[in-house]
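# below are the sequence and a predicted model for it; my questions follow.
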Amino acid sequence: MVEPKIEVFADLAALSQGAARHITAIAGQAIAQRGTFSIALSGGNTPRALFEQLAAPPFNKLNQWKNWEIYFGDERCVPPDHPDSNYRMAREELLQKVPIDPSHVYRMKGEADPQQAAMEYGQLMKEKFGDGGMDVILLGMGDDGHTASLFPGTAALNETKHRCVANFVPRMNTWRITLSAPFINKGNYIMILVAGAGKAGRVEQVLMGPRDPQMLPIQMIQPASGNLIWMLDAAAAAMTEH
């Protein structure tokens, strides 16, 4: 298993800038080597600040956007123009502000039947990446230790075969579409962005405490190769600095 690298930043703005630097460097290398760069975006408030950085100077000028391919780590089961849609947030904060080819944006169809949408996205992942994974997968962490839409005690945590699954979340009484942990673990760079003092205790529990991935699904993110980077602001890192 890859040893996680932990980077701590003064605040959310510095964290977002650091993540934008990482992504820009990785994208440049990937495009130089293969002519394309693949990234799975995440939802939530922390990546919003990152998307704003990428869409602004200097990163909007440094990146070769026409060579980017955009995917998603998970999606709510809502239409693409719904306020809760991860795709909508990415579109408004990043995708419509930089010259990414719309045909290179592959959204999960949150408005469709969840099982069908997950099956289609899994097939797309197989066609695009075969037995490999993406260049970058962005993740966050919820207060309960979930990541993507892998929630504690849900069926998707037991997935070993499929790259993308529909996952029912009982406590929210809702379906989600999510990449599976085994497929996420194939990413070359997995970047987990966590900000805020409210997450500090959970960060310490996940990184320092006993392993219990059924209760803390983010502990399932353990790639056998590649790079695993936890990027924390000082508030979220407070309890990990001993």
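That came through, no problem.
# what about Ala27, how many neighbours?
24 (other Cβ atoms under 10 Å). C-beta: built from backbone N, CA, C; applies to glycine.
# next, the contact list for the nearest residue to it once chain neighbours are set aside, please.
Of all residues beyond its chain neighbours, the one nearest Ala27 is Phe37 (4.2 Å), with distances taken as Cβ to Cβ, 6 or more residues apart in numbering. Applying Cβ atoms under 8 Å, 6 or more residues apart in numbering to Phe37 gives the contacts Ile26, Ala27, Ala30, Ile31, Gln64, Asn67, Trp68, Glu69, Asp135, Val136.
# name the residues linked to Phe37 by a beta bridge.
Trp68 (DSSP bridges).
# next, count neighbours for the closest residue to Leu95 other than its chain neighbours.
Spatially, and ignoring its direct neighbours in sequence, Leu95 is nearest to Val105 (6.1 Å; Cβ to Cβ, 6+ apart). Burial of Val105 is recorded as 17 neighbouring residues (other Cβ under 10 Å).
# for Val105, list each beta-bridge partner.
Under the criterion used (DSSP bridges), Val105 bridges to Ile70.
# that one contacts Pro80, doesn't it?
No. The criterion here is Cβ atoms under 8 Å, and Val105 misses it with Pro80 at 10.6 Å.
# how many neighbours does Lys186 have?
Under the criterion other Cβ under 10 Å, the count of neighbours that Lys186 has is 21.
# just say helix, strand or coil for it.
coil (DSSP: H, G, I helix; E, B strand; the rest coil).
# who touches it in this structure?
Neighbours of Lys186 in contact, by Cβ under 8 Å, 6+ apart: Phe129, Asp131, Gly132, Gly133, Met134, Pro223, Gly226.
# next step: those restricted to helices.
Under the assignment DSSP state H, the contacts of Lys186 contribute Phe129 to helices.
# can I get the contacts of Lys186 in JSON lines including neighbour count?
JSON lines is the format used below for the contacts of Lys186 (neighbours: other Cβ atoms under 10 Å):
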{"residue": "Phe129", "neighbour count": "16"}
{"residue": "Asp131", "neighbour count": "6"}
{"residue": "Gly132", "neighbour count": "12"}
{"residue": "Gly133", "neighbour count": "26"}
{"residue": "Met134", "neighbour count": "25"}
{"residue": "Pro223", "neighbour count": "19"}
{"residue": "Gly226", "neighbour count": "15"}
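# now the contacts of Lys186 in TSV, with distance to Gln123 and pLDDT?
Converted to TSV, the contacts of Lys186 look like this (distance: Cβ to Cβ, whole Å; pLDDT from 0 to 100):
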residue	distance to Gln123	pLDDT
Phe129	11	98
Asp131	14	96
Gly132	16	97
Gly133	16	98
Met134	16	98
Pro223	23	97
Gly226	23	97
